[in-house]
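1. Fold the stuff below for me.
(one chain, ligands or ions: 1)
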Amino acid sequence: MYLSRRLMLSLLGGVAVVSLIFALYQAAAEMHALRVEVERQAVVLAESQQKAAQQAIESGWPNEIQALVGQFQNHAQMAGLTIYGANGQALAMTPGLANRLGSDANATPPAVTRAMQSGTARGQFFHAKAGQMHILAVPLKADGRLLGALAVFHNVDFISAPVLRHALISVAQTLLIVGMTLLIVRWSLGRPLRHMAQWLRDLRTGDESVTHQPPEEEFFRPLTSEVTHLATSLHVARAAAKEEARLRDAASSRWTAERLGIVMRAKLNGSRLFAVSNREPYVHSRQGNSISWTVPPSGLVTALEPVLRASDGIWIAQATGDADKEAADEFGRLGVPPDHPQYTLRRVWLSNEEENGFYFGFANEGIWPLCHIAHTRPVFRSEDWDYYKSVNRKFAAVLLEEMEGEEQPIVLVQDYHFALLPRMIKERRPDARVAIFWHIPWPNPEAFGICPWQRDLLDGMLGADLIGFHIQAHCNNFLETVDRALESRIDWEHFAVNRREHLTTVRPYPISVAFNSNGHSGDASAAERASLYRELGGRPAFVGLGVDRVDYTKGIPERLRAIERLFELYPAYREKFTFIQIGAPSRTHIKRYQELMKEVVEETERINSRFRTRAWRPIVFLSRHHSHAEILPCYRDADVCLVTSLHDGMNLVAKEYIVSREDEQGVLVLSRFTGASHELVDALVVNPYDTEQLAQAIHTALTMPAEERRARMRRMRAAVRENNVYRWAGDLIGELASIRLEAPESRVVLLPLEKVGKGAA
Ligand code: G6P
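-> Numbers count the residues shown, from 1 in each chain. A predicted model of the protein is given here:
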């Protein structure tokens with residue numbers, strides 16, 4: 001029963017009182033009307049008999065008097081007549097009336113006395129033996145002399161009948177109304193309420209096996225939408241609490257998104273976090289008439305989101321979506337995540353010229369090949385350098401604007417696109433704690449030294465309080481580069497640079513992925529893969545996988561040549577081993593990237609034409625961007641994953657492959673020139689330039705005993721689980737937040753923003 005007893009009683013009481021008041025009112029009105037009618041009838045009768053009664057008394061004949069009253073026997077409501085003498089004694093009475101009056105029959109009724117005294121008619125209701133009665137007495141006179149009185153008696157018991165009738169109707173009415181109300185309420189609310197209760201119970205108990213949907217009734221909509229939000233938060237909190245409890249139980253120091261959020265809130269101590277990157281965390285694009293948004297597949301977004309959420313931070317990035325403008329306000333700001341805003345994204349728009357000079361030009365044709373030793377010559381154009389400086393200044397201006405009024409803000413600059421930003425910020429806001437994380441390798445001083453603006457870049461970076469690289473080797477290369485290029489003091493013991501009385505700490509923070517084992521199932525891509533296998537004539541005995549942006553640093557042609565060598569060395573793999581290369585086109589405006597794409601396609605065709613048979617080809621090149629959900633089933637299916645970068649800061653494909661292998665199967669072949677190879681020592685570590693070695697490694701992977709495969713994968717999974725992306729963010733931001741700001745007198749002199757970056761000292 002969903003209506004409480006209290007509610008029912010109130011309903012019952014309320015309806016009963018109202019209906020009773022009505023009933024009483026109606027009964028009173030009806031009784032009044034009946035009384036009036038009885039009085040009227042009595043008056044009419046008395047007046048009609050008054051004359052005859054006078055004459056009968058005057059005649060002195062008792063029989064005549066008796067005859068007069070005797071004719072009024074057996075009338076339904078009229079009880080009878082009595083004629084009284086002047087002394088008040090009854091002279092004649094309708095037979096049977098005395099019986100009705102009972103003991104009062106012989107007494108003179110007060111109405112008779114009053115009528116004779118006053119000389120006018122008098123009436124009265126009274127209680128007699130037979131029940132309620134009414135008497136109307138009129139005086140009888142002859143020539144002004146009082147002869148006596150005539151009294152008319154009526155039975156009036158029937159007058160009280162309406163009270164009972166109305167009371168009964170009122171009770172029946174009350175029961176009917178309450179009953180109907182309960183039935184209607186039960187029918188119209190009971191079912192959805194039961195439904196709602198069931199749904200809430202499922203949410204509360206967290207029983208995911210039951211999939212009750214919320215009630216659809218319009219009436220409940222505001223409630224269901226609120227409860228859905230509540231349930232989502234509850235679900236997340238419950239999962240986090242479970243994980244925390246599990247970790248505590250295992251006495252583990254493992255980082256989770258929630259732990260990161262909690263630790264950051266404490267470390268930031270009210271300071272706001274500002275992140276700057278070239279890539280934005282949410283991209284809005286137009287599809288027909290509607291605007292949709294996506295999260296770019298970026299480890300950076302996974303890592304920084306929980307921190308920005310925890311500090312209600314601001315993320316400044318380049319606008320890249322064709323509907324970015326519509327989705328933001330006039331200043332380019334919007335709350336993100338768009339469906340549940342928790343921090344602010346501030347978009348910055350670049351002109352085509354700016355993007356060409358800053359992004360394609362200086363960042364990707366200059367710094368990228370400069371820092372990756374992959375034997376592609378960096379191109380340094382002074383126009384590109386000018387754009388690089390002006391775009392850095394543009395971002396600095398936006399950042400300074402956003403930081404206005406914020407005390408001791410924490411600034412996290414991302415990557416090689418913004419080498420000049422730390423100094424620009426620090427000069428204007430010495431109270432800010434600034435870090436720059438360099439996501440790509442740092443080469444040795446000789447290699448870096450070919451950059452005409454190396455000192456400006458180093459000086460810009462050294463504005464930061466903290467500089468992060470993936471591995472210690474990159475930190476060492478950086479410190480050596482600074483040592484050679486700039487006047488400064490290197491503190492090798494603490495890995496820090498002291499320049500112009502400003503201290504910059506240089507530390508390794510190996511970036512990683514979130515270790516969420518419950519990844520998407522990626523059904524769509526499983527179907528696509530099934531159709532690919534159908535086209536290939538079924539799943540081959542062995543499947544190899546490569547997942548990369550098509551970039552010359554990734555060693556894709558080297559990988560393909562090693563596969564060719566594998567078929568030469570071990571012909572038994574022909575028709576048994578297929579290598580799937582997922583290659584996302586990247587930076588396609590740049591000539592070197594176009595050439596590389598051409599080279600990869602040609603190499604694939606050349607090798608395929610050498611070995612292919614009617615039903616089989618050795619290499620499948622899927623040249624388009626695939627989402628993480630699409631790649632996941634491929635990771636889970638591949639017997640071997642090849643990461644053969646010629647040089648790579650970290651390489652997250654290697655870690656993603658490991659996370660996806662919940663079955664503890666699969667083998668990772670990993671270039672020793674990746675940052676990841678420093679942690680993943682259980683991979684088959686190779687030199688990608690060594691074709692023979694790489695071919696042999698693939699063979700070793702495909703013939704590795706299951707137990708060894710499992711043992712290696714298990715150890716690598718443990719390493720990634722422990723050193724996940726939340727630890728990366730926690731360590732980096734934690735260290736930045738705890739840096740002590742220098743004394744004000746030791747700070748550098750403020751330069752106008754326009755002058756910053758125009759030539760290093
Ligand atoms: C490297 C860089 C990142 C960059 C990514 C993709 O990993 O370190 O900053 O986002 O490549 O490159 P793109 O040029 O497409 O942003």
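2. Tell me how many other residues surround the closest residue to the ligand within the stretch 651-761 of the chain.
-> With CB to the nearest ligand atom as the measure, the residue in the stretch 651-761 of the chain that lies nearest the ligand is L652; the distance is 8.2 Å. (C-beta placed from N, C-alpha, C; glycine too.) L652: 24 surrounding residues under other CB atoms under 10 Å.
3. give the contact list for it.
-> G299, I511, S512, V513, A676 (CB atoms under 8 Å, 6 or more residues apart in numbering).
4. Go through those residues and flag which are in helices.
-> Under the assignment DSSP state H, the contacts of L652 contribute G299 to helices.
5. May I have the phi/psi pair for the closest residue to the ligand within the stretch 601-750 of the chain?
-> Here the stretch 601-750 of the chain gets closest to the ligand at one residue, G649, 6.4 Å apart by CB to the nearest ligand atom. Phi and psi for G649, reported as degrees, to the nearest 10, are phi -50, psi -60.
6. what's the distance between the residue of the stretch 651-761 of the chain closest to the ligand and D465?
-> For L652, the distance to D465 (CB to CB, to the nearest Å) stands at 26 Å.
7. now A92
-> Noted for A92: a distance of 129 Å to D465, by CB to CB.
8. Look at those two and report which has more neighbours.
-> Using other CB under 10 Å as the criterion, A92 and D465 rank with D465 on top: 25 against 22.
9. and the residue nearest to F125 when sequence neighbours are not counted, how many neighbours?
-> For F125, ignoring the flanking residues on the chain, the nearest one in space by CB to CB, 6 or more residues apart in numbering is H134 at 5.2 Å. Using other CB under 10 Å, H134 has 23 other residues around it.
10. Assumed H134 was part of a strand.
-> Yes. The assignment for H134 by DSSP: H, G, I helix; E, B strand; the rest coil puts it in a strand.
11. So it sits against Q124, correct?
-> Yes. Between H134 and Q124 there is a contact under CB atoms under 8 Å: 7.2 Å.
12. Check the gap between the nearest residue to L260 once chain neighbours are set aside and S298 for me.
-> Spatial nearest neighbour of L260, chain neighbours left out: Y726 (4.3 Å); criterion: CB to CB, 6+ apart. As for Y726, its distance to S298 is 15 Å (criterion: CB to CB).
13. With Q73 instead?
-> Distance, Q73 to S298, using CB to CB: 113 Å.
14. One more: S738?
-> From S738 over to S298 the distance is 27 Å, taken as CB to CB.
15. When these two are compared, which one has more neighbours?
-> Between S738 and S298, counting by other CB under 10 Å, S298 is the more crowded of the two (15 against 10).
16. The more buried one: what's it in contact with?
-> R279, P281 are the contacts of S298 under CB under 8 Å, 6+ apart.
17. pLDDT score for L168?
-> Looking at L168, its pLDDT is 85.
18. other SSEs contacting the helix or strand harbouring it?
-> Take DSSP states H and E as the rule and L168 turns out to sit in helix 161-185. Counting by 3 or more CB pairs under 8 Å, 6 or more residues apart in numbering; DSSP states H and E, the packing neighbours recorded for helix 161-185 are helix 5-59.
19. one step back: identify the residue spatially nearest to the residue of the stretch 601-750 of the chain closest to the ligand, adjacent ones excluded.
-> With CB to CB, 6+ apart as the criterion, G649 has its nearest non-adjacent residue at 4.4 Å, and that residue is I440.
20. residues from this structure in reach of the ligand?
-> Selection of the chain residues close to the ligand by CB under 6 Å from any ligand atom yields R279, D415, H439, I440, S586, R587.
21. So the first one versus A53, what's the distance?
-> If I follow you right, that is R279. Applying CB to CB to R279 and A53 gives a distance of 120 Å.
22. Look at the two and report which has more neighbours.
-> A direct count of neighbours by other CB under 10 Å for R279 and A53 places A53 higher, at 25 against 15.
23. now the more buried one: how far from N87?
-> Distance from A53 to N87, by CB to CB: 16 Å.
24. before we move on, the earlier item: was I right to think the residue nearest to L260 contacts A514?
-> Yes. Checked against CB under 8 Å, the pair Y726 and A514 is within contact range at 7.0 Å.
25. Tell me which of these two has more neighbours.
-> Higher neighbour count among Y726 and A514: Y726, with 25 against 20, using other CB under 10 Å.
26. Give me the residue ranges of the chain where confidence is low.
-> Applying pLDDT under 70 to the chain flags the ranges 1-4, 205-212, 229, 232-233, 236, 239-252, 297, 517-529, 742-761.
27. you'd agree I619 is up against N608?
-> Yes. I619 lies in contact with N608 (CB under 8 Å); the separation is 5.6 Å.
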